[in-house]
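Undergrad: Got a sequence here, can you build the structure:
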Amino acid sequence: MPFLQEPKAIEAESYRTIERLVAGLAGDPAEQAVAMRIIHATGDPAYAELLAFAPNFVSASLAALRRGAKIFTDVEMVRSGINKALVEALGGEVICAISRPEVREAAQRQGRTRAMTAIDLLWPQMAQNLVVIGNAPTALFRLLELCRTGEGLPAAVIGTPVGFVGAAEAKAALEASSLPYLTVRGTKGGSTVAVAAVNALLHLAREGE
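TA: Residues are numbered from 1 along each chain as shown. Below you'll find the predicted structure:
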C-alpha cells in the first residue's frame, strides 16, 4: 500500500486536511491558525468546535510576546514543549515552579496541590505576562481567585486543563472572566493542546516582527 514518506509532504497534506475542517468556522485568520495547530497536534478535529477565544485574546497575546513577555506554565510537560528558540528570539522566558523544593514542601504542609502552590509563588511575576495552564484545574481555579483582586493581571491566559474532576468547571469560569483567554469547553484539553496554542502564537508573533 503506497503512503507518504517525505516529512514536509506529510505535514503539508495534514494542514490541507485541517484547513478544510476549519474553513467554515467563524474567527479571524490568527484564531484559525491556532486552531489548526491544535488539531494537527492532537489529531482530533473536534477541537474546531470546542475552542473558545476571548475577542481580545490573540491581539493581547501577540502584543505581550512581541515585547518579550515571560510565559508561566503549570507543569513541566507544558514548559518543555514550548519552542524555546522562538521564545528567546522574542526576548522572553518560560518558567515553571511546580518542581521547586519550596513548592513541594508548602503544598504538603498546606494540603493543597503543587500546581496551586506554584501559582501562588509565581503570581507576583505574572502581571502583563502569559499564563499557560494545560494540565491542572486547581491551578486555573487558583489563578482566577487571584485575578479577582483586579491587580497585577496576566496579559492573557491559556487554560486547557483536562479531566473529569474540575476541568470543565475551571474552564467555564475562565470563559466567564474578563481576562483575554483561550480555552477548551468540556473535559478535553491537556498539555499537548496548551503547547500547540503557545507555539502557534509564537510563530504568529515572529511573522509579525
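
Undergrad: Low-confidence stretches in this structure?
TA: 1-11, 13, 23-27, 208-209 (pLDDT under 70).

Undergrad: Make sure Val131 is indeed in a strand.
TA: Yes. According to DSSP: H, G, I helix; E, B strand; the rest coil, Val131 belongs to a strand.

Undergrad: From Ala136, how far out is Ala167?
TA: 9 Å (Cβ to Cβ, to the nearest Å). Backbone N, C-alpha and C define where each C-beta goes, glycine included.

Undergrad: Please identify every residue contacting each of those two.
TA: Pro161 (Cβ atoms under 8 Å, 6 or more residues apart in numbering).

Undergrad: check contacts around Leu182.
TA: Going by Cβ under 8 Å, 6+ apart, Leu182 touches 34, 51-54, 57, 61, 156-160, 197.

Undergrad: which residues in the protein form strands?
TA: 51-53, 70-73, 93-95, 130-133, 156-159, 181-184 (DSSP state E).

Undergrad: Mind giving me the packing neighbours of the first one?
TA: Right, strand 51-53. The contact analysis (3 or more Cβ pairs under 8 Å, 6 or more residues apart in numbering; DSSP states H and E) places strand 51-53 against helix 29-42, strand 181-184.

Undergrad: Apart from its neighbours in sequence, what residue is nearest Ser14?
TA: Spatial nearest neighbour of Ser14, excluding adjacent residues (Cβ to Cβ, 6 or more residues apart in numbering): His40 at 5.7 Å.

Undergrad: that older thread, can you say which of the helices and strands packed on strand 51-53 is packed in most?
TA: Most buried of the helices and strands packed on strand 51-53 by mean neighbour count (mean count of other Cβ atoms under 10 Å) is strand 181-184; its value is a mean of 27.

Undergrad: Dump that one to CSV, restricted to CA.
TA: Output of strand 181-184 as CSV, limited to C-alpha atoms (Å, rounded to 0.1, in the frame of the first residue of the first chain):
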residue,chain,number,x,y,z
TYR,A,181,-8.4,33.8,27.3
LEU,A,182,-8.2,30.7,25.1
THR,A,183,-9.9,27.6,26.5
VAL,A,184,-11.5,24.3,25.5
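
Undergrad: Ala200 contacts Glu31, correct?
TA: No. Contact criterion Cβ atoms under 8 Å: Ala200 and Glu31 do not qualify, at 9.7 Å.

Undergrad: who touches Ala205 in this structure?
TA: Ala205 is in contact with 61-62, 65-66, 86, 90, counting by Cβ under 8 Å, 6+ apart.

Undergrad: Setting the sequence-adjacent residues aside, check what's closest to it.
TA: What sits nearest to Ala205 in space, not counting adjacent residues and going by Cβ to Cβ, 6+ apart, is Leu65, at 4.1 Å.

Undergrad: one step back: kindly reformat the strands of the chain as a markdown table and extend each row with distance to Arg16.
TA: Shown next, in a markdown table, are those (distance: least, Cβ to Cβ, whole Å):
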| stretch | distance to Arg16 |
| --- | --- |
| strand 51-53 | 20 |
| strand 70-73 | 30 |
| strand 93-95 | 31 |
| strand 130-133 | 28 |
| strand 156-159 | 26 |
| strand 181-184 | 24 |
